[in-house]
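Chemist: Predicted model and sequence follow; I will ask about them next.
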Protein chains: 2
Amino acid sequence: MTPIITAFERSPDGGKGLARDTRVRWAFEEVGQPYEVRPVSFQAMKEPAHLALHPFGQIPTFEEGDLVLFETGSIVLHIAQRHEGLLPDNGNARARAITWIFAAINTVEPPILELANAILLEGDKPWSKERLPLVKQRVRDRLGPLSDRLGDAEWLDDAFSAGDLMMVSVLLRLKRSGIVDEYPNLSAYVARGEARPAYQRAYAAQAAPFR
Amino acid sequence: MTPIITAFERSPDGGKGLARDTRVRWAFEEVGQPYEVRPVSFQAMKEPAHLALHPFGQIPTFEEGDLVLFETGSIVLHIAQRHEGLLPDNGNARARAITWIFAAINTVEPPILELANAILLEGDKPWSKERLPLVKQRVRDRLGPLSDRLGDAEWLDDAFSAGDLMMVSVLLRLKRSGIVDEYPNLSAYVARGEARPAYQRAYAAQAAPFR
């Protein structure tokens, strides 16, 4: 039974891969599992049929038989726990890799979302110009320690894991801001993620309907 | 081997239970596992010994023999996966409960953190008064759908789970704002969480050093 995920029918970023279905597609590609995609319109996302799958009216969702999941982190973890390729076998190493999933979405991503809000939702406000540097500093307050921890390692904890998949995906949201480039090791880390064949396939698949 | 967690040596909220070690203590209490606490000063949190445990220099951390974890979500999930009481046995129900952990910290908490930043870090800024209603609206944009999904159920997905533990903990951060009270079913849900004996024990334990 092939799992079905949802994705935007029309891409807010024109297929640049920032929508969260890309993270789930990347996970499927890393573990070599097929998946199907059901596009959802912005209007349909707020209607009862989709809200039954995703209470917050967003994408992606994950359906496999009777099981319905939402939340990208949860879907990626679910895929990683059920198929080889995204989590180490050793219990302790596995718990550490899962920790990096949480670090990506709960420690590093929140100030990045705040920066996105500052630009997209408050770019026309009178305080925008003065406030933006404060918000960017909050992003740097996370990237600095992340850069220190990564050092010259290839991935965050030994082999590539679902934690790296999520951290690279979160950092990719900053591409246009140029902030990641202030940390050459993070910039190289993101480039290593993007260069993975599984990421390339996921990126191409999400972009295809919009090209 | 009793696990050791870290907590603030001096409480930023005067022991009101909002520091994230409370969430981990609550998890230990729900599954009936003992734990030890090592208090850390604000200065020590930024020093190499603590940064080796937590790259972002925060609390809580979790140490059990060779295993070191950080990120509250990851620690709570780790405890829930290894002991009975916080996750259903059925695989699908388990995956859904884990989804609610992610929903709490990745969908509901980010606008709450943004509201906390708006008050704590930007309360003295010239834009504060005009901007605050926008930020509060972003919180309501999450609480509305959450309230709709909960309806008149006791917990988010059948029995109490680690997902409820995390969601109640996230909503408790809004207590002073009064926003949760706009949704009577969420307010009652939070009260049910607080009334659990395990929460009561966790709350008392975190408050004890500061009373």
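Modeler: Structure received.

Chemist: who's in contact with the residue nearest the centre of chain A?
Modeler: In chain A, the centroid-proximal residue (Cα atoms, centre = their mean) is A:Ser169; its distance is 4.0 Å. Going by Cβ atoms under 8 Å, 6 or more residues apart in numbering or on different chains, A:Ser169 touches A:Thr22, A:Arg23, A:Trp26, A:Ala104, A:Gly193. To be clear about C-beta, it is placed using only N, CA and C from the backbone, and glycine gets the same treatment.

Chemist: Sort out which of those are in strands and list them.
Modeler: If you go by DSSP state E, these have nothing in strands.

Chemist: Give the next helix or strand downstream of the strand or helix carrying A:Ala97.
Modeler: Remark: A:Ala97 resides in helix A:91-102, with elements defined by DSSP states H and E. Counting by DSSP H and E, the element after helix A:91-102 in chain order, helix or strand, is helix A:109-120.

Chemist: send the alpha carbons of the next helix or strand after that next one over as CSV?
Modeler: Using DSSP H and E, the helix or strand that follows helix A:109-120 in sequence is helix A:128-150. C-alpha atoms of helix A:128-150 as CSV (Å, rounded to 0.1, in the frame of the first residue of the first chain):
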residue,chain,number,x,y,z
SER,A,128,9.8,46.8,9.8
LYS,A,129,13.2,48.4,8.9
GLU,A,130,14.2,49.0,12.6
ARG,A,131,13.0,45.7,13.8
LEU,A,132,14.5,43.4,11.1
PRO,A,133,18.0,43.5,12.5
LEU,A,134,16.7,42.3,15.9
VAL,A,135,15.0,39.3,14.4
LYS,A,136,18.0,38.5,12.2
GLN,A,137,20.1,38.5,15.4
ARG,A,138,17.9,35.9,17.0
VAL,A,139,18.5,33.7,14.0
ARG,A,140,22.3,34.2,14.4
ASP,A,141,22.0,33.4,18.1
ARG,A,142,21.0,29.9,16.9
LEU,A,143,23.3,29.5,13.9
GLY,A,144,26.4,30.5,15.9
PRO,A,145,26.1,27.6,18.4
LEU,A,146,25.0,25.2,15.6
SER,A,147,28.1,26.1,13.6
ASP,A,148,30.3,25.6,16.7
ARG,A,149,28.8,22.2,17.3
LEU,A,150,29.1,21.1,13.6
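
Chemist: what's the next secondary structure element after helix A:128-150?
Modeler: Assignment by DSSP H and E places the next element after helix A:128-150 at helix A:162-172.

Chemist: which strands and helices sit next to the helix holding A:Ala97?
Modeler: Here helix A:91-102 touches helix A:72-82, helix A:162-172, strand B:67-70, helix B:72-82, going by 3 or more Cβ pairs under 8 Å, 6 or more residues apart in numbering or on different chains; DSSP states H and E.

Chemist: contacting residues around it?
Modeler: Residues from elsewhere that reach helix A:91-102 (Cβ under 8 Å, 6+ apart): A:73, A:76-77, A:86-88, A:156-158, A:161-164, A:166-167, B:66-74, B:77-78, B:105.
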